[in-house]
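*Asks:* Below are the sequence and a predicted model for it; my questions follow.
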Amino acid sequence: MSEFSPATGTETNDFSNVGRTRWWRRGFFASQTAYVAAALIAIMIVMSFLSSAFLSSGNLANVAKNFSFVGIVTLGVTLVIVTGGIDLSVGSTMALSAITCAIVMQALSGTVFDGIPLAGMIVSLGAGLGVALLIGLANGFLIARVGLSPFVTTLGMLSIVRGLAYAVTEGRGQAPTGPDVDMFYNITDGNLAGIPVAVIYLLVLAAIMGVVLHHTAFGRHVFALGGNEKAAALTGIAVERVKVAVYVLSALSAGFAGILMVGWLGSAPANLATGYELTIIAAAVIGGANLNGGIGGPAGAVIGALLIEVIRNGLVLAGINAYWQIVLVGGIIILAVLVDRLRTLRMTS
Amino acid sequence: MSLLVLQDVGKEFGAIRALSHVNLTIKPGEVVGLMGDNGAGKSTLVKIIAGNFPPSHGRILFEDREVHFTKPVDARSVGIEVVYQDLALADNLTAAANVFLGREMRRKVGPLSFLDHAAMNRRTAELFRELKSETRPDDVVRAMSGGQRQAVAIARTRLAKAKLILMDEPTAAISVRQVAEVLDLIRRLKDAGIAVILISHRMPDVFAVCERVIVMRRGTKVADKPIDQSSPEEVTALITGAKEAA
């Protein structure tokens, strides 16, 4: 028995024998998000020298709007990724929500709804978001309750929802019409104090998500699920409910962004946002969300989405063929993950 | 008063008898070692006490009242906590977040409720101080040593005001210094009047902290005696079957 002397000789907790990581190696400063933010600023400075058009107000407004649509959905998908899941169905959801919103608005114009101010618009927005809600519930139910793999479930949903978008429109674009259409364009494609509303929506949603993730029990449970799902279940967390919630929020963010895009384009084509899921997941990963779960946040989502858009915009301004942009985005994803890998290796060694 | 009493407890899985006619008593604040080879019925016994499944027959009394557990929450609600071998911690969260996982302290702001980080950190620091563990509440678990992780898992049971803690192989796969830390944690629990059942393969650990040792072999209890009246040699013989019973 004597060979087991007490390990803690001192009676006080002075932590003298437990090292503490330096502040710049902890928290935000040590995160991939911070590195990518630095890279983003560097790229923007270089581009402002290379192209006089980059900082023109027209170009900046364009970049801001483009990245906001992707950014809003990236927020939702980041939530799913933090729990250790994935949502491939967001691009299709953007399209079906947009189409539903436009079709309902068309159908309601000329009916009694014309007499009630904004009724037509509110119902059509509700219909668009309602479709997204159903898609999210279906994903969440199949993944959390039935136990199917998130990748396969949302891949199937990608195809189902895109197919529905083509089937209901027969491939024709749907333009919003009716008495509220000006108001619709104002709230989806207008400006507030010179800033496109899409950017404001993105920043407000990102701020809300930051508070929810770090200062509510729900947010903590989202991280716990990604860190150790079994542990989360053992401590009595309602794992299924949290999972369903993140897929619903992801789908709703996609539906909302899809509706904003209708305002921007003036029409909802069936091929709206085709392939966006890859850009969105790329934005989340570049921004520091870990596909193994447990790590990610709204700042990363916004920065990741902005970085992709700035690079895409830079290539356009430089007159480089659009096909090469796709190649480059792929390269950046791998580079971002590679830098993170090298950094963690260095820190653990 | 006895804390936990098992009377003639048995468990069958189909035709397989995993546990038969087990009688045992745990007193408050007692540290008991539970030993046995793989398949001896240790984990079946522990799972019955922890509420993972009910026994096929027999009675369980906790604080002199008969209890019927069908899920772990039932056992937890009377004051039985389990520290799992893999510790069931979320690596990406801080120590305080893990201690309070699933029972976070909240502050109401109008209709909204937010996490009370300061209060949770303070309470966690208190728990670590009680356990004399050098662990910071706001450090992330990923960066912690095996001993510190144990402290986090044990602090969680302290938060729940547990009366009986089942520890499943807490010293497997950690360094010698950390083993000493964990054994120290067990002594602190005993000082606080908490009973511990230590499931272990490591003879020195059992002899270092336990007052009593229970040996299982092929689903039955073959020995149950004070540690100072036994020896590692005798326990080894009992586990392997070289000695029938003691």
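*Replies:* Yes, it's here.
*Asks:* Look up the closest residue to the spatially most central residue of chain A, ignoring the ones flanking it.
*Replies:* For chain A, residue A:74 is the residue whose C-alpha lies nearest the centre (C-alpha atoms, centre = their mean; 1.1 Å). Distance criterion C-beta to C-beta, 6 or more residues apart in numbering or on different chains; nearest residue to residue A:74, sequence neighbours excluded, is residue A:301 at 4.1 Å. In this view, the C-beta of every residue, glycine as well, is placed from N, C-alpha and C.
*Asks:* Tell me how far the one you found lies from chain B.
*Replies:* 17 Å (C-beta to the nearest C-beta, to the nearest Å).
*Asks:* neighbours around that residue, how many?
*Replies:* As a burial measure, residue A:301 scores 34 neighbours (other C-beta atoms under 10 Å in any protein chain shown).
*Asks:* and the helix or strand harbouring it, what does it pack onto?
*Replies:* If you go by DSSP states H and E, residue A:301 is part of helix A:298-317. Contact here means 3 or more C-beta pairs under 8 Å, 6 or more residues apart in numbering or on different chains; DSSP states H and E; on that basis helix A:298-317 packs against helix A:32-50, helix A:57-82, helix A:197-215, helix A:276-286, helix A:322-348.
*Asks:* Any idea how many residues pack against residue 53?
*Replies:* Just going to use chain A. Using other C-beta under 10 Å, residue A:53 is surrounded by 14 other residues.
*Asks:* wait, I meant chain B there
*Replies:* For residue B:53, the neighbour count with other C-beta under 10 Å is 14.
*Asks:* which SS state does it fall under?
*Replies:* Classification of residue B:53 using DSSP: H, G, I helix; E, B strand; the rest coil returns coil.
*Asks:* Around the residue lying closest to it once chain neighbours are set aside, count how many other residues there are.
*Replies:* Of all residues not flanking residue B:53 in the chain, residue B:47 sits nearest, at 6.1 Å (C-beta to C-beta, 6+ apart). Residue B:47 is flanked by 21 other residues according to other C-beta under 10 Å.
*Asks:* how about the one helix or strand residue B:47 maps to: buried residues?
*Replies:* Assigning secondary structure by DSSP H and E places residue B:47 in helix B:42-50. Buried residues in helix B:42-50, defined by neighbour count with 16 or more other C-beta atoms under 10 Å in any protein chain shown: B:42-50.
*Asks:* Which secondary structure elements does that helix sit against?
*Replies:* Short answer (3+ C-beta pairs under 8 Å, 6+ apart): helix B:42-50 packs on strand B:4-13, strand B:16-26, strand B:31-36, helix B:72-78, strand B:80-83, strand B:164-168, strand B:195-199.
*Asks:* hmm, 7 Å instead?
*Replies:* If contacts are counted by 3 or more C-beta pairs under 7 Å, 6 or more residues apart in numbering or on different chains; DSSP states H and E, helix B:42-50 sits against strand B:4-13, strand B:16-26, helix B:72-78, strand B:80-83, strand B:164-168.
*Asks:* angle of it against strand B:31-36?
*Replies:* With axes from the mean of the first three to the mean of the last three C-alpha atoms, to 10 degrees applied, the angle from helix B:42-50 to strand B:31-36 works out at 140 degrees.
*Asks:* on that earlier part again, which residues touch the residue nearest to the centre of chain A?
*Replies:* Counting by C-beta atoms under 7 Å, 6 or more residues apart in numbering or on different chains, residue A:74 touches A:280, A:283-284, A:301, A:304-305.
*Asks:* ok so, going back, please identify which of the buried residues of helix B:42-50 is nearest to residue A:258.
*Replies:* Taking C-beta to C-beta as the measure, residue A:258 lies nearest residue B:50 of those, at 48.3 Å.
*Asks:* List the beta-bridge partners for the residue nearest to the closest one when sequence neighbours are not counted.
*Replies:* Among residues not flanking residue B:50 along the chain, residue B:82 sits closest, at 4.8 Å (C-beta to C-beta, 6+ apart). Residue B:82 forms beta bridges with residue B:166, as assigned by DSSP bridges.
*Asks:* burial of residue B:82, as a residue count?
*Replies:* Per other C-beta under 10 Å, the neighbour tally for residue B:82 reads 25.
*Asks:* Check what pLDDT it gets.
*Replies:* The model reports residue B:82 with a pLDDT of 87.
*Asks:* List the contacts of the spatially most central residue of chain B.
*Replies:* Here the mean C-alpha position of chain B is nearest to the C-alpha of residue B:166 (C-alpha atoms, centre = their mean), at a distance of 1.7 Å. By C-beta under 7 Å, 6+ apart, residue B:166 lies in contact with B:46, B:49-50, B:80, B:82, B:197.
*Asks:* What parts of the stretch 101-250 of chain A come near chain B?
*Replies:* Listed as neighbours of chain B in the stretch 101-250 of chain A under the rule C-beta under 7 Å from any C-beta of the partner chain: A:215-217, A:220, A:223-224, A:226-228, A:230-232, A:234-237.
*Asks:* Give me the buried entries from the residues you listed.
*Replies:* Using 16+ other C-beta under 10 Å, the buried ones in these are A:215-217, A:220, A:223-224, A:226-228, A:231-232, A:234-235, A:237.
*Asks:* and the helices and strands packed on helix B:42-50, which one's lowest on average pLDDT?
*Replies:* helix B:72-78 (a mean of 85).
*Asks:* Can you say which two of the buried ones among the residues of the stretch 101-250 of chain A next to chain B are spatially most distant?
*Replies:* Farthest pair in these, by C-beta to C-beta: A:215 and A:234, 24.0 Å.
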